[in-house]
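Asks: I would like the atomic coordinates for the input below:
(2 chains)
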Amino acid sequence: MGFDAVHHNVLVCEDDPAMVRIFQFLLRQQGIRGVITTGNGEQVAPLARQHKPSLILLDLMLPGKDGLGVLQELKANDETRLIPVIVVSGKESNEQVHQAMMAGAIDYVIKPFEPMELGMRIQTFLDTLNTEIAPDTGGML
Amino acid sequence: MGEPAIDLSEIMDLYKEDAKRMIQQMQSALIRWPEIQQGGPARLELRKLSHQMRGSGRTYGFGHATRMCKAMENIVQKLEHNRLPADDRILKSLRAKIERLISIFVE
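Replies: Predicted coordinates:
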């Protein structure tokens, strides 16, 4: 691992315990120990402001507030707008993908997914983060 | 897709327990068939459960469960949009799909 993953945390927004478990498993495999979870859309923005996660994994069908609304809320707030969001959703229409990407998601993974696929996408993101915080860039994001 | 390329055995037993619980909830919803016919909470519950298991099934290596749940979710969506009649044929179809899920996870 190229950087100290243990200092990063990830906010998982998902109301299905089986999916939460697989996200935690995949993140643990990447060396990330700090995983915050919520299954309620209304709690996402407050948790994001509180914990300043390195990454948010966001389902679109959440009780409380739907994921697209959550994404728009995150992007409208100065404290959370730069936090990268990967949408992981069972909604598979091109329109849904387009809406999420236009709202500011950096990636969109359709459920069901191959665990290796999501693991690689998370790894790619972490590699990018690693490059961006490398010492020769002054440690700036 | 066959077996997942990442070894999920560490969390597989928990998933199977989740799946059994969800199937019980599906059965409980289906027993309330009049609620499903009339668009009540049982219909919403059945749609949510089938949507969730559609998303998780193949991810955990249970592609057949995802196919069954996708079919169930489609049926419930069509009921919601009045594109299918909520008759005995639909009830039998949903019941048969839940039986298939039981054969995957319980038997």
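Asks: list the buried residues of the worst-scoring helix or strand of chain A on mean pLDDT.
Replies: The helix or strand of chain A with the poorest confidence is helix A:115-132; it has a mean of 84 (mean pLDDT, DSSP states H and E). Buried residues in helix A:115-132, counted by 16 or more other C-beta atoms under 10 Å in any protein chain shown: A:115, A:118-119, A:121-122, A:125-126, A:129. From N, CA and C alone the C-beta is placed, and that goes for glycine too.
Asks: next one: stretch B:69-79
Replies: Applying 16+ other C-beta under 10 Å to stretch B:69-79 flags B:69-73, B:75-76, B:79 as buried.
Asks: would JSON lines of the residues you listed with pLDDT and distance to chain A be doable?
Replies: Listed next are those as JSON lines, based on pLDDT from 0 to 100; distance: C-beta to the nearest C-beta, whole Å:
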{"residue": "B:69", "pLDDT": "98", "distance to chain A": "10"}
{"residue": "B:70", "pLDDT": "97", "distance to chain A": "9"}
{"residue": "B:71", "pLDDT": "98", "distance to chain A": "14"}
{"residue": "B:72", "pLDDT": "98", "distance to chain A": "13"}
{"residue": "B:73", "pLDDT": "97", "distance to chain A": "9"}
{"residue": "B:75", "pLDDT": "98", "distance to chain A": "16"}
{"residue": "B:76", "pLDDT": "98", "distance to chain A": "14"}
{"residue": "B:79", "pLDDT": "97", "distance to chain A": "18"}
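Asks: in helices only, show me those.
Replies: Within the buried residues of stretch B:69-79, residues falling in helices by DSSP state H are B:69-73, B:75-76, B:79.
Asks: which of those residues sits closest to residue B:44?
Replies: Ranked by distance to residue B:44 (C-beta to C-beta), those are led by residue B:76 at 8.8 Å.
Asks: filter the buried residues of helix A:115-132 by proximity to chain B?
Replies: A:115, A:119 (C-beta under 8 Å from any C-beta of the partner chain).
Asks: please name the nearest non-neighbouring residue to residue A:48.
Replies: residue A:80 (4.5 Å; C-beta to C-beta, 6 or more residues apart in numbering or on different chains).
Asks: so residue B:41 sits against residue B:25, correct?
Replies: No: the criterion here is C-beta atoms under 8 Å, and residue B:41 misses it with residue B:25 at 11.9 Å.
Asks: state the pLDDT value of the residue nearest to residue A:48.
Replies: As predicted, residue A:80 sits at a pLDDT of 97.
Asks: hang on, isn't it packed against residue A:45?
Replies: Yes: using C-beta under 8 Å, residue A:80 is in contact with residue A:45, at 6.3 Å.
Asks: next secondary structure after the helix or strand harbouring residue B:10?
Replies: Per DSSP states H and E: residue B:10 is located in helix B:9-31. The helix or strand immediately downstream of helix B:9-31 is helix B:33-37, counting by DSSP H and E.
Asks: list the buried residues of that next one.
Replies: Per 16+ other C-beta under 10 Å, helix B:33-37 contains these buried residues: B:33, B:35-37.
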